[in-house]
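> I'll drop the sequence and a predicted model, then ask my questions.
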Protein chains: 2
Amino acid sequence: MEEAKRKKLEDKGWNVGTVSEFLDLTPEETTFIEIKLALSRYLKERRQKSMTQRKLADKLHSSQPRIAKAENGDASVSIELLIRAMLATGATPQEIGQVIAKVG
Amino acid sequence: MEEAKRKKLEDKGWNVGTVSEFLDLTPEETTFIEIKLALSRYLKERRQKSMTQRKLADKLHSSQPRIAKAENGDASVSIELLIRAMLATGATPQEIGQVIAKVG
DNA sequence: GATGAATATATCAGATATGATATCAATGGT
DNA sequence: ACCATTGATATCATATCTGATATATTCATC
């Protein structure tokens, strides 16, 4: 993974730390982050087609800022919330599975 | 969903509350729980083929009791941990995606 | 049926993710 | 230009998830 990509992750709060720490990321840890980012991107696409961030937040009993973070790949957002959000937009397990399967 | 199934969930700590509260579970909430349970079952299968709970716990920098809970569908275990555990057993995003896609 | 390894259950203090709130920027309609 | 709507950013108290620890149970194998 290139420096530019690392910088981008750090900007979003991904605790990749120093470069040397970053290099210690196991393949599993890298894959995990990639799964979250893939869900994040897909959520944004899907949500934009049908509702505002506020509307989705209300459905989820969450808040608009949290949805913004989820869609921007912020590290403080868990896969839990990403998947719950996807389901709230009407995504099926099939779709969610496909997004994850495409990673790697 | 039948009474017997509800009882089973409650035993594992799923906060489905009273029967009436349970009936208020949205389809999305139900699907979410089913995804977690599917991952849980698959994790157990997969882990048993190659290592002990302790070995997996060490790989994850987690603990054996936490793996036991993960494999038994305990409500205190997040999808985060389930997916990290799957990856630690060597599962690919493809496999994880398939398990989720099969739900519903 | 005793011994040891694997797994299950209970508890808990600390870490992390959460929703709420306030605020700002960007966009667009009037 | 003004105002309303949408999305982004910052902070924070609380709730939830975490690994650790202690202990109990199951289950082989002898």
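Right, received. Where do you want to start?

> and the strand or helix carrying A:T30, what's its mean pLDDT?
Secondary structure assignment for A:T30, by DSSP states H and E: helix A:27-50. The average pLDDT for helix A:27-50 rounds to 96.

> Over to stretch A:81-93?
Here the average pLDDT along stretch A:81-93 is 98.

> Kindly export that stretch (C-alpha atoms) in PDB.
Taking C-alpha atoms only, stretch A:81-93 is exported to PDB below (Å, rounded to 0.1, in the frame of the first residue of the first chain):
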ATOM      1  CA  LEU A  81     -23.600   0.400  12.400                       C
ATOM      2  CA  LEU A  82     -22.600   0.100   8.700                       C
ATOM      3  CA  ILE A  83     -24.600  -3.100   8.300                       C
ATOM      4  CA  ARG A  84     -27.600  -1.800  10.300                       C
ATOM      5  CA  ALA A  85     -27.500   1.300   8.100                       C
ATOM      6  CA  MET A  86     -27.400  -0.800   4.900                       C
ATOM      7  CA  LEU A  87     -30.400  -2.800   6.100                       C
ATOM      8  CA  ALA A  88     -32.300   0.400   6.900                       C
ATOM      9  CA  THR A  89     -31.800   1.600   3.300                       C
ATOM     10  CA  GLY A  90     -33.500  -1.700   2.300                       C
ATOM     11  CA  ALA A  91     -30.300  -3.600   1.300                       C
ATOM     12  CA  THR A  92     -30.700  -7.400   1.500                       C
ATOM     13  CA  PRO A  93     -28.200  -9.800   3.100                       C
END
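
> starting at the chain centroid, how far to that stretch?
Stretch A:81-93 sits 12 Å away from the centroid of its parent chain (Cα atoms, centre = their mean, to the nearest Å).

> Since that was my last question, I'll sign off now.
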